[in-house]
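Trainee: below are the sequence and a predicted model; questions follow.
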Amino acid sequence: MTLEGKVALVTGSSQGIGQAIAVRLAQEGAQVVINYRSNPQGAEETLAKVQAAGGQCHLAEGYCDHEKGYSVGADLGMVGDVRRLIKAGIEHFGRLDVLVNNAGIEKHAPFWEVAEADYEAVMNVNLKGVFFATQEMVKHLIETRRPGKIINISSVHEDLPFPNFTAYCCSKGGMKMLTRNLAVELGPLGITVNNVAPGAIETPINTKLLNDPTKLGALLQNIPLSRLGQPGDVASLVAFLASSDANYITGTTFFVDGGLLWNYHEQ
Ligand code: BGC
């Protein structure tokens, strides 16, 4: 597996799963467009790791003979920003081959208390942003008559109910259908579309849970592999799906959840 000569854009790559994906893709040879919204420091950290994967970089001297990374600030909840981000990546590296729709947010509230603004924030970033980022990417691939790969970071909650996170589940359920639909519509263009669906991964989105020993203990009981996932557990699968080894795979969801999704047992 190698991504030498490929250009990938990873949304939400200033931290967590997105950062691990950006770094892993760079280690496999890709040039990477990094994106952040509220965490420019995190994006700098990702950029440094991505540049370091380039081999010929001497970051201390501010020198890199093969530029591996480029960082762009954009809010995935705003379609104007989304379009600008994709265009900036294309302009900078000359083209894009792989789009990883990773940016995502969640809000905790009982269904009857969900505020309209919170519903909109979740749906805009997790679904609308993905829809229009993918549209911009597809337009680029059509214009340049090239195949490409779209990889969406979904969740076990594209299938599994998650009480108090209804908008989040709706967005991931929508992402599942977006992937199925686009795989069929875009297949003839040589564009593959797949979902990677993490379970409980140790990232900033889970900070509250990670700091609550009772909740964490209960969650671990539901995970057959008895541990939380690491961002790298997700990134390795994304690297495979971005490579030509995965050319015949489209319209599918791959779960990276330590067995969480199908773990039901009677006491
Ligand atoms: C959510 C986490 C949750 C995990 C397992 C993820 O999609 O972002 O908050 O812990 O699923 O339920």
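Mentor: Received it, and whenever you're ready, just let me know what you need. Numbering: from 1, shown residues only.
Trainee: only C-alpha atoms from now on, for both contacts and neighbour counts.
Mentor: OK.
Trainee: can I take it that residue 71 is in a strand?
Mentor: Yes - with the criterion set as DSSP: H, G, I helix; E, B strand; the rest coil, the secondary structure at residue 71 is a strand.
Trainee: pretty sure it is touching residue 37, no?
Mentor: No - using C-alpha atoms under 8 Å, residue 71 makes no contact with residue 37, being 10.8 Å away.
Trainee: these two: which is more packed in?
Mentor: residue 71 (22 against 17; other C-alpha atoms under 10 Å).
Trainee: which strand residues bridge the closest residue to that one other than its chain neighbours?
Mentor: On the basis of C-alpha to C-alpha, 6 or more residues apart in numbering, the spatially nearest residue to residue 71 that is not a chain neighbour turns out to be residue 34, at 4.5 Å. Note on residue 34: beta-bridge partners by DSSP bridges are residue 10, residue 71.
Trainee: list the residues that contact residue 34.
Mentor: Taking C-alpha atoms under 8 Å, 6 or more residues apart in numbering, we find residue 34 in contact with 9-14, 22, 43, 46-47, 69-72.
Trainee: out of those, flag the one nearest to the ligand.
Mentor: Set against the ligand, the nearest of the contacts of residue 34 by C-alpha to the nearest ligand atom is residue 12 (13.8 Å).
Trainee: for the closest residue to that closest one other than its chain neighbours, list the residues it contacts.
Mentor: Once flanking residues are discounted, residue 12 sits nearest to residue 103: 4.2 Å by C-alpha to C-alpha, 6+ apart. Neighbour list for residue 103: 11-13, 18, 76, 125-126, 153 [criterion: C-alpha under 8 Å, 6+ apart].
Trainee: any idea which residue of the stretch 1-150 of the chain lies closest to the ligand?
Mentor: For the stretch 1-150 of the chain, C-alpha to the nearest ligand atom, closest residue to the ligand: residue 106, 6.6 Å.
Trainee: check what pLDDT that residue gets.
Mentor: pLDDT for residue 106: 98.
Trainee: so it makes contact with residue 165?
Mentor: Yes - with contacts counted by C-alpha under 8 Å, residue 106 reaches residue 165, the gap being 7.1 Å.
Trainee: where does the prediction get shaky in the protein?
Mentor: Counting by pLDDT under 70, the low-confidence segments of the chain come to 55-66.
Trainee: what parts of the protein come near the ligand?
Mentor: Neighbours of the ligand within the chain, by C-alpha under 6 Å from any ligand atom: 155-157, 199-200, 206.
Trainee: about what we covered before: closest to residue 194 among the contacts of residue 34?
Mentor: In terms of C-alpha to C-alpha, no member of the contacts of residue 34 lies closer to residue 194 than residue 10, at 14.5 Å.
Trainee: what's the neighbour count on that closest one?
Mentor: If you count neighbours by other C-alpha under 10 Å, residue 10 ends up with 25.
Trainee: now residue 181, what's its secondary structure?
Mentor: helix.
Trainee: gap between it and residue 251?
Mentor: Distance, residue 181 to residue 251, by C-alpha to C-alpha, to the nearest Å: 8 Å.
Trainee: more crowded one of those two?
Mentor: residue 251 (18 against 14).
Trainee: any idea how far that one lies from the ligand?
Mentor: 20 Å (C-alpha to the nearest ligand atom, to the nearest Å).
Trainee: got the angle between the one helix or strand residue 82 maps to and strand 69-73?
Mentor: Under the criterion of DSSP states H and E, residue 82 resides in helix 79-93. Angle of helix 79-93 versus strand 69-73, following axes from the mean of the first three to the mean of the last three C-alpha atoms, to 10 degrees, is 160 degrees.
Trainee: tell me the strands beside the next helix or strand after helix 79-93, with direction?
Mentor: On the C-terminal side of helix 79-93, the nearest following helix or strand under DSSP H and E is strand 98-101. Strand 98-101 pairs in its sheet with strand 7-10 (parallel), strand 148-153 (parallel), by DSSP bridges.
Trainee: from the middle of its chain, how far away would the first one be?
Mentor: Going back to what we said before, that points to strand 7-10. Relative to its parent chain, strand 7-10 has a centroid offset of 10 Å by C-alpha atoms, centre = their mean, to the nearest Å.
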